[in-house]
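> A structural model of the following input is requested.
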Amino acid sequence: MSDLWSVWFLIGAAFVFWMQAGFAMVETGFTRAKNAGNIIMKNLMDFCIGTVMWFLIGASMMLSFTDPVTGEVSKGIWSVLGKPGFSVFSDYAHFDFSNFVFNLVFCATTATIVSGAMAERTKFSSYCIYSAIISGIIYPIEAHWTWGGGFLAQWGFHDYAGSACIHMVGGICALIGACMVGPRIGKFTRDAAGKVTKVKAFPGHNLTIGALGVFILWLGWYGFNGAAATDVPTLGSVFLTTTVAPAVATVVTMIFTWIKYGKPDVSMCLNASLAGLVAITAPCDVTDCAGAAVIGAVAGLLVVFGIWLLDYKLHIDDPVGAVAVHMMNGIWGTLAVGLFATKSAPGFELAGIKEGLFYGGGFEQLGKQFGGMFVIMAWTIVTITILFTIIKKIMGLRVSVEEEIIGLDKIEHGLDSSYSGFDIEQHYSTAELKAAEKAGVKVPEEKAVPVVKVPSSKPDAKFHKVVIVTRQTKFDEIKAAMNDIGVTGMTVTNVLGCGVQHGAGEFYRGAQIDMTLLPKIKVEIVVSEVPVDLVVTAAKEVLYTGHIGDGKIFVYDVENVIKVRTGEEGYDALQD
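Modelled structure (predicted):
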């Protein structure tokens, strides 16, 4: 029977590893297409770099309280910091393989939480460094206090699967990192005094992928929470609470956003599922169904409040909601042990703790949960702040304005697009355009002045219509350039426009989506004798300044335009 549970322990580890795919999909789907490859690379590397750091130093520091070979108990300073060792190299035959792998996949989860909050503007090199330190030092030491036999475990602090040790720690790192790296360009509109006057929404480019990520994470969470169970009743109870809490959280968020915003918010509900899972992670073995439902309900409200707090009060840009999901609900889940722990839960006796406040146990366990949480919180805040400060001083945390506007895929990884073969048009906000000009950013001509050739049913058409949309200040230069190549007629219209037309009054993650209409001119030219390619080339030379938004050129077959506007019969009449 013990062998069966050992196998389940490793299967659970595989489930937790599969959660890396879930995190990658959530983060990718909730951000913009121009950074998708960068995000996938980060999620891949935090596990791979974490594995290297784990077998070099992390595993020995976390699991060092009792030596797996000699049984010797670490004392003194080693019961706090963990004792580095190299038995994975020196005594592999007697090494605890299963424990090593199981705790490794948990370690990787902590590091990957951070990337979501700092997505779309963080240097890849800086990410690799802080991911390595989190995996090799910050996480193993605090996890040692709770799961490695350290002083918090001896004191009676309980965190069954990581609301505090993993999610709260990852969320705190994410909060401090997002604060230090700063918001994405255009996220917050400020007045002359620097006060935020508006919060802008950056909708994720693929909520389908984001939803897939949530379902993958939910599946993996059954291993995350259930793998440590050693009897069927405890395993069944853990599965129940791990299902009830996120389900209730999602329903509560759906109802709340429906009332507040007029429509149920898809991305917020996806976050709510994760929030419920995070909150139930610490008490999943010691609470019952009623307790799990209450924990989930609070988590659903807390995630909406957390996203609002960061956007509208703290003005910290968190693209995926990592802080609200992991830090706030990690805190809530840790404290929930002291509120909802009950003797009726199958895992209660093995946990060796006191009943929660709401089940007649008084404040004793709640006090221990507060104490343990603050110790872990203090360690994380101090160490991650020092780490980010050093990285920021030496090599910088944030990419350049050019890299951020064009996208990290192109500059950091040499990818024209993570969706090769698909026509994904890049749109830029007014704030990005202003930032590009202020920084003197030069972008490729095909990005600054894209040319759209409308497909023609008659490739050898003699007449073409060229429509040029650009800034009003470019009119005189356009007119002169067209005169130089023999174009003598044009129609000019003053227009207002923007790249993406959003419906007024729509909300994304609590922030209103609005359209920014910019003053433009539209120049329409019909050519026959003058080659259309010459017109396009002359226009591009005039418009191109190296800034995003220099203009756009559309080329039409005039005969196709006439057919669309008059129909086939009208076109035939014109021919006659």
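> use CA for all of it now, contacts and neighbours both
Will do.
> Please identify the buried residues of the strand ranked longest in the chain?
When the chain is parsed with DSSP state E, its longest strand is strand 518-527. By neighbour count with 16 or more other Cα atoms under 10 Å, strand 518-527 contains the buried residues 520-527.
> One more: stretch 223-232?
223-230.
> still on that earlier bit, of all pairs in the buried residues of strand 518-527, which one is the farthest apart?
Greatest spatial distance in the buried residues of strand 518-527: 520 and 527, 22.4 Å, computed using Cα to Cα.
> mind checking pLDDT for the nearest residue to residue 183 once chain neighbours are set aside?
Computed as Cα to Cα, 6 or more residues apart in numbering, the closest residue to residue 183 that is not its neighbour in sequence is residue 317, at 4.8 Å. On pLDDT, residue 317 comes in at 96.
> ok, back up a step: which of the buried residues of stretch 223-232 lies closest to residue 538?
Nearest member of the buried residues of stretch 223-232 to residue 538, counting by Cα to Cα, is residue 224, at 60.9 Å.
> which other helices and strands contact whichever strand or helix holds the closest one?
Under the criterion of DSSP states H and E, residue 224 resides in helix 207-226. Contacts defined by 3 or more Cα pairs under 8 Å, 6 or more residues apart in numbering; DSSP states H and E place helix 207-226 against helix 2-29, helix 232-261, helix 266-281.
> among those helices, which is the most enclosed?
helix 266-281 (a mean of 30; mean count of other Cα atoms under 10 Å).
> Out of the helices and strands packed on helix 207-226, which gets nearest to residue 172?
Closest approach to residue 172 among these (Cα to Cα): helix 266-281, 14.0 Å.
> just checking, what packs against the closest one?
Helix 266-281 packs on helix 207-226, helix 232-261, helix 289-308, helix 329-340, going by 3+ Cα pairs under 8 Å, 6+ apart.
> In CSV, list the ones you listed along with distance to residue 152 and mean pLDDT.
Listed next are the helices and strands packed on helix 266-281 as CSV, based on distance: least, Cα to Cα, whole Å; pLDDT from 0 to 100:
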stretch, distance to residue 152, mean pLDDT
helix 207-226, 20, 97
helix 232-261, 23, 97
helix 289-308, 23, 97
helix 329-340, 13, 98
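> any chance of those helices in a markdown table, plus distance to residue 119?
Output for the helices and strands packed on helix 266-281, formatted as a markdown table (distance: least, Cα to Cα, whole Å):
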| stretch | distance to residue 119 |
| --- | --- |
| helix 207-226 | 15 |
| helix 232-261 | 24 |
| helix 289-308 | 16 |
| helix 329-340 | 21 |
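> right, and these - which one's nearest residue 146?
helix 329-340 (12.3 Å).
> List the contacts of that closest one.
158-159, 163-164, 167-168, 171, 275-276, 278-283, 286-288, 291, 295, 299, 302-303, 355-359, 363-370, 373 (Cα atoms under 8 Å, 6 or more residues apart in numbering).
> All the strands of this structure, in order from the start?
Using DSSP E, the strands of the chain run over 188-190, 196-199, 451-453, 464-470, 491-497, 506-508, 511-513, 518-527, 551-557.
> Turn those into CSV, including distance to residue 25.
Putting the strands of the chain into CSV (distance: least, Cα to Cα, whole Å) gives the following:
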stretch, distance to residue 25
strand 188-190, 26
strand 196-199, 25
strand 451-453, 31
strand 464-470, 36
strand 491-497, 33
strand 506-508, 19
strand 511-513, 22
strand 518-527, 34
strand 551-557, 33
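> ranking those strands by burial, who's on top?
Neighbour counts (mean count of other Cα under 10 Å) averaged over each of the strands of the chain peak at strand 464-470, with a mean of 22.
> can you list contacts of it?
For strand 464-470, contacts defined as Cα under 8 Å, 6+ apart pick out 520-528, 532, 535-536, 539, 543, 549-558.
> who does that strand pair up with?
Neighbouring strands of strand 464-470 in its sheet, by DSSP bridges, are strand 518-527 (antiparallel), strand 551-557 (antiparallel).
> Phi, psi for the residue nearest to residue 183 please.
Dihedral pair for residue 317: phi -90, psi 110, per degrees, to the nearest 10.
> So it versus residue 331, what's the distance?
20 Å (Cα to Cα, to the nearest Å).
> Also residue 421?
Remark: distance between residue 421 and residue 331 (Cα to Cα) = 44 Å.
> Neighbour count for the two, which is higher?
In this view residue 421 and residue 331 are compared by other Cα atoms under 10 Å, and residue 331 has more residues nearby, 24 against 7.
> Can you say which of the contacts of helix 329-340 are buried?
Neighbour-count burial (16+ other Cα under 10 Å) applied to these gives 158-159, 163-164, 167-168, 171, 275-276, 278-283, 286-288, 291, 295, 299, 302-303, 355-357, 363, 365-366, 368-369, 373.
> these two touch, right, residue 62 and residue 144?
Yes. Here residue 62 reaches residue 144: they are 4.2 Å apart, a contact under Cα atoms under 8 Å.
> rewinding a little: what angle sits between the helix holding residue 224 and helix 266-281?
When axes from the mean of the first three to the mean of the last three Cα atoms, to 10 degrees is applied, the directions of helix 207-226 and helix 266-281 differ by 10 degrees.
> what comes up buried for helix 207-226?
Within helix 207-226, the residues scored as buried using 16+ other Cα under 10 Å are 207, 209-226.
> likewise stretch 95-103?
95, 100-103.
> can you tell me which of these are in helices?
Here DSSP state H is the test, and those give 100-103 as lying in helices.
> Could you give the average pLDDT over stretch 485-502?
Per-region confidence: stretch 485-502 scores 75 on mean pLDDT.
> CA atoms of it as CSV?
What follows is stretch 485-502 as a C-alpha-only set of coordinates in CSV (Å, rounded to 0.1, in the frame of the first residue of the first chain):
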residue,chain,number,x,y,z
ILE,A,485,6.0,62.2,-60.1
GLY,A,486,3.3,63.6,-62.3
VAL,A,487,0.2,63.1,-60.2
THR,A,488,-2.0,66.2,-60.7
GLY,A,489,-5.2,65.3,-59.0
MET,A,490,-6.1,64.3,-55.5
THR,A,491,-9.0,64.5,-53.0
VAL,A,492,-8.1,65.5,-49.4
THR,A,493,-10.4,65.0,-46.4
ASN,A,494,-9.9,65.8,-42.7
VAL,A,495,-10.8,62.7,-40.7
LEU,A,496,-10.6,61.3,-37.2
GLY,A,497,-9.6,57.7,-36.6
CYS,A,498,-7.9,55.1,-34.5
GLY,A,499,-6.5,51.6,-34.9
VAL,A,500,-9.0,49.6,-32.9
GLN,A,501,-12.7,50.6,-32.6
HIS,A,502,-14.1,49.7,-29.2
